[in-house]
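In: Need a 3D model of the following:
(one chain, ligands or ions: 1)
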Amino acid sequence: MDSKVEMRSLLQIASEKKGLLIVASLFSVISSLLQIAPFVSVYIIVQELLQHAGNPAGADQALILYWGIFALVALIGALVALYIGGMCSHIAAFRILYELRVWLTEHIAKVPMGYHTSTATGELKKIIEVSVEKIEKFIAHQLPDIVSAVMIPILLIGYLFWMNWSLALVLLVPIGIGFWLQSKLFGSASGQQAYREFQHAVENMNATGVEYIRGMPVVKIFGIKADSFLTFKQAVVEYRNISLRITDLYKIPYGLFYVIVSSLFTFVVPVGILLSSGNAGSQSFAITFLLFIILTPSLSVPLLKLMFVGSGMREVVENNKRIEAVFAEAIVMEPSSPQVPTAYDITFKNVSFAYERTTSKNFKPILKDVQFMAKAGEMTALVGPSGGGKSTIASLLLRFWDVQEGEIAIGGVSLRDMGTEMLMDKISFVFQDVHLFYDTIEANIRMGNIDASEAEVIAAAKTACCHEFITKLAQGYATKIGEGGTYLSGGEAQRIAIARALLKNAPILVLDEATAYADAENEKKIQGALVELVKGKTVIMIAHRLSTIRAAEQILVVQKGEIVERGTHDELRALSGLYEQMWQAHISSASWKLGVKESTLTDRKKEGSSHESLLY
Ligand SMILES: Nc1ncnc2c1ncn2[C@@H]1O[C@H](COP(=O)(O)OP(=O)(O)OP(=O)(O)O)[C@@H](O)[C@H]1O
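Out: Prediction:
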């Protein structure tokens with residue numbers, strides 16, 4: 001995206017509130033003009049006094065009083081206009097700010113859910129907060145400033161040309177040099193590159209700084225010296241180097257611009273003196289010369305503003321680029337009339353998938369031609385070596401990503417034709433990393449079904465074996481989770497998530513390592529809760545502990561993105577392949593626990609199962 005396109009989209013945002021911004025800019029110009037008006041008053045008063053220099057008492061008192069009052073009124077008017085202009089630009093800016101944040105959050109809600117797992121939450125938060133805030137700064141302050149900084153010099157120079165064109169021509173020389181320096185400063189490729197590098201260095205320093213602070217426990221435990229935390233140190237050094245380079249690059253053009261534009265006056269004086277020798281004795285030239293001396297300092301102020309607008313604008317362009325990048329993220333296509341599945345069997349038909357786009361250099365297919373059917377009301381388990389693609393299969397069923405090849409359907413209806421809302425209505429999921437919101441325990445469970453009664457929430461909590469620990473908390477179900485509230489263990493959080501899923505009572509259930517955090521005691525409780533949860537549902541279950549999925553009607557062994565074996569536990573064992581190897585490994589790792597008799601999901605589902613089910 002080149003910078004012209006970036007600015008166009010920025011101005012497009014601003015044009016949404018065109019009316020208010022025009023009024024703001026207009027008042028900004030009026031205010032600037034009124035601020036100059038007292039100089040005109042002074043000029044006229046001085047003119048009157050000079051004309052009566054020999055006899056000051058002969059000066060027109062009424063005229064002097066009139067222009068004195070005019071100057072006062074103009075100053076008050078300038079403040080009022082500044083206030084009105086500022087109000088208009090701020091109202092426009094905050095409305096745009098609001099709308100931009102709403103658009104952004106709406107757009108973020110429509111992108112594939114997988115985007116949120118691969119994009120740092122901090123990065124998104126920064127875009128929604130900081131980048132949007134910079135746009136506000138641009139619209140509320142810089143846009144009216146640009147208008148007045150451009151209009152005032154044009155009007156003033158026009159007026160001065162009208163008064164004396166040859167003297168006014170002198171002013172164009174330093175102004176021209178000033179603008180040339182401006183374009184050298186901010187417009188050159190090396191200047192822009194340096195600014196980008198500076199931005200990057202700031203971000204890098206922030207990111208590595210946060211990482212350094214977050215990693216402090218590791219630094220302390222392993223006795224790593226701060227000096228050896230190289231990445232952060234390098235980021236700080238890089239920041240220092242680029243800051244020095246920018247200072248070096250900008251010092252001459254910046255200094256010269258500042259000096260030249262602030263001293264327009266010094267260009268006018270010698271030329272004025274030179275011209276006055278040709279107009280010897282001309283009182284009118286002397287008065288005009290005086291006007292130039294009075295007015296030229298007023299020209300410097302808006303011109304200097306333009307310099308800061310230039311640097312501020314670069315900042316806004318960079319932030320706008322980030323906002324645009326979020327908007328450029330493709331959204332999940334939703335059907336115009338979502339189809340409702342009437343059955344809940346799940347089919348994966350020739351599904352191939354890669355996280356990166358096929359055009360990307362890092363393209364790495366994760367799933368290759370995956371094909372299976374999970375029958376309604378049955379449990380299909382996904383097992384296999386780490387990194388094989390089990391969680392990816394579950395994420396695709398939840399439409400965290402859209403498949404690149406093949407199709408996923410529920411009851412014969414493709415996920416794409418069902419729409420996300422309908423899909424979410426039909427699926428519950430419990431993951432290893434449970435996300436609980438900064439809210440009460442009750443609200444967290446109720447998310448499964450916001451219309452549920454209190455009794456239903458408690459019933460779900462009881463079935464999920466969390467009622468007991470909740471009631472032991474000082475505020476029971478009203479206890480807040482997280483900062484300022486209570487912290488739950490991994491196992492407790494998982495049981496809350498199960499209660500939430502129970503309350504939702506969706507026909508399809510996805511469980512990804514739902515018992516991962518549980519110790520022996522909790523595992524038993526969670527298994528008990530799961531028995532209730534899975535009843536009559538189509539279940540896709542991922543588990544590393546093979547004992548938990550022994551009773552599954554179908555077990556799929558996933559390795560390197562492919563289903564390499566499929567069948568029931570007994571069928572797979574009989575194959576003597578990968579599953580059998582995994583099972584043997586599982587038994588030997590569990591055998592040291594012999595004697596710890598725990599009931600598992602398997603035991604509850606299959607009464608009288610073989611002794612191996614008791615091994616775990
Ligand atoms: N968001 C992502 N972006 C890019 N690659 C990813 C992403 N998530 C997973 N992967 C890659 O996809 C592959 C399969 O990962 P997946 O999590 O599906 O495996 P898994 O079988 O569930 O592993 P585990 O048993 O360890 O949880 C891995 O190589 C992983 O690095």
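
In: Which secondary structure state is assigned to residue 558?
Out: Three-state call for residue 558 (DSSP: H, G, I helix; E, B strand; the rest coil): strand.

In: Count residues in the vicinity of it, would you?
Out: As a burial measure, residue 558 scores 26 neighbours (other Cβ atoms under 10 Å). C-beta here means a position set from N, CA and C on the backbone, and glycine is covered the same way.

In: now do residue 58
Out: Neighbour count for residue 58, taken as other Cβ under 10 Å: 11.

In: tell me the average confidence for stretch 77-89?
Out: Taken as a whole, stretch 77-89 has an average pLDDT of 91.

In: how about it as PDB, C-alpha atoms only?
Out: The C-alpha trace of stretch 77-89 is given here as PDB (Å, rounded to 0.1, in the frame of the first residue of the first chain):
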ATOM      1  CA  GLY A  77     -13.800  36.800  18.400                       C
ATOM      2  CA  ALA A  78     -10.600  34.800  17.700                       C
ATOM      3  CA  LEU A  79     -11.000  33.000  21.000                       C
ATOM      4  CA  VAL A  80     -14.700  32.300  20.400                       C
ATOM      5  CA  ALA A  81     -14.000  31.100  16.800                       C
ATOM      6  CA  LEU A  82     -11.200  28.900  18.200                       C
ATOM      7  CA  TYR A  83     -13.600  27.400  20.700                       C
ATOM      8  CA  ILE A  84     -16.400  26.700  18.200                       C
ATOM      9  CA  GLY A  85     -13.900  25.300  15.700                       C
ATOM     10  CA  GLY A  86     -12.300  23.100  18.400                       C
ATOM     11  CA  MET A  87     -15.700  21.900  19.500                       C
ATOM     12  CA  CYS A  88     -16.700  21.000  16.000                       C
ATOM     13  CA  SER A  89     -13.500  19.200  15.200                       C
END
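
In: can you give me how far it is from the chain middle?
Out: With Cα atoms, centre = their mean, to the nearest Å as the basis, stretch 77-89 stands 33 Å off its chain's centre.

In: what's in contact with that stretch?
Out: Residues outside stretch 77-89 that contact it (Cβ atoms under 8 Å, 6 or more residues apart in numbering) are 20-21, 23-28, 30-32, 34-35, 37, 139-141, 143-144.

In: Which of those are buried? Put it as a ChimeraX command.
Out: Remark: buried members of the contacts of stretch 77-89, expressed as a ChimeraX selection using 16 or more other Cβ atoms under 10 Å:
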select :20,21,23,24,25,26,27,28,30,31,32,34,35,37,139,140,141,143,144
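
In: In helices only, show me the contacts of stretch 77-89.
Out: Mapping the contacts of stretch 77-89 onto helices (DSSP state H) picks out 20-21, 23-28, 30-32, 34-35, 37, 143-144.

In: near the ligand, which residues of the stretch 451-600 of the chain show up?
Out: Not one residue of the stretch 451-600 of the chain sits near the ligand, judged by Cβ under 6 Å from any ligand atom.

In: show me where pLDDT drops low in the stretch 451-600 of the chain?
Out: 483-485, 515-523, 525, 590-600 (pLDDT under 70).

In: ok, now with 80
Out: Across the stretch 451-600 of the chain, the ranges flagged by pLDDT under 80 are 482-487, 490-491, 513-534, 588-600.

In: And the helices in it?
Out: Here the stretch 451-600 of the chain has its helices, by DSSP state H, counting those that start in this stretch, at 454-463, 467-472, 490-504, 520-534, 569-575, 578-591.

In: tell me the contacts of residue 405?
Out: Residue 405 makes contact with 350-353, according to Cβ under 8 Å, 6+ apart.

In: I'd like to know which of the residues you listed are buried.
Out: By neighbour count, with 16+ other Cβ under 10 Å, the contacts of residue 405 hold 351, 353 as buried.

In: okay if I get the contacts of residue 405 as CSV plus distance to the ligand and pLDDT?
Out: Formatted as CSV, the contacts of residue 405 follow (distance: Cβ to the nearest ligand atom, whole Å; pLDDT from 0 to 100):
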residue, distance to the ligand, pLDDT
350, 18, 92
351, 13, 92
352, 13, 90
353, 9, 90
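
In: Among the contacts of residue 405, which one sits closest to residue 330?
Out: Nearest to residue 330 out of those is residue 353 (Cβ to Cβ; 15.5 Å).

In: The closest one should be in a strand, yeah?
Out: Yes. Judged by three-state DSSP, residue 353 forms part of a strand.

In: which residues does it bridge with?
Out: Residue 353 forms beta bridges with residue 367, as assigned by DSSP bridges.

In: Report the two of the ones in helices among the contacts of stretch 77-89 separated the most.
Out: Distance extremes for those: the farthest pair is 20 and 37 at 25.6 Å, using Cβ to Cβ.

In: Kindly report the residues of the stretch 251-400 of the chain close to the ligand.
Out: Residues of the stretch 251-400 of the chain found near the ligand (Cβ under 6 Å from any ligand atom) are 355, 366, 384, 386-392.
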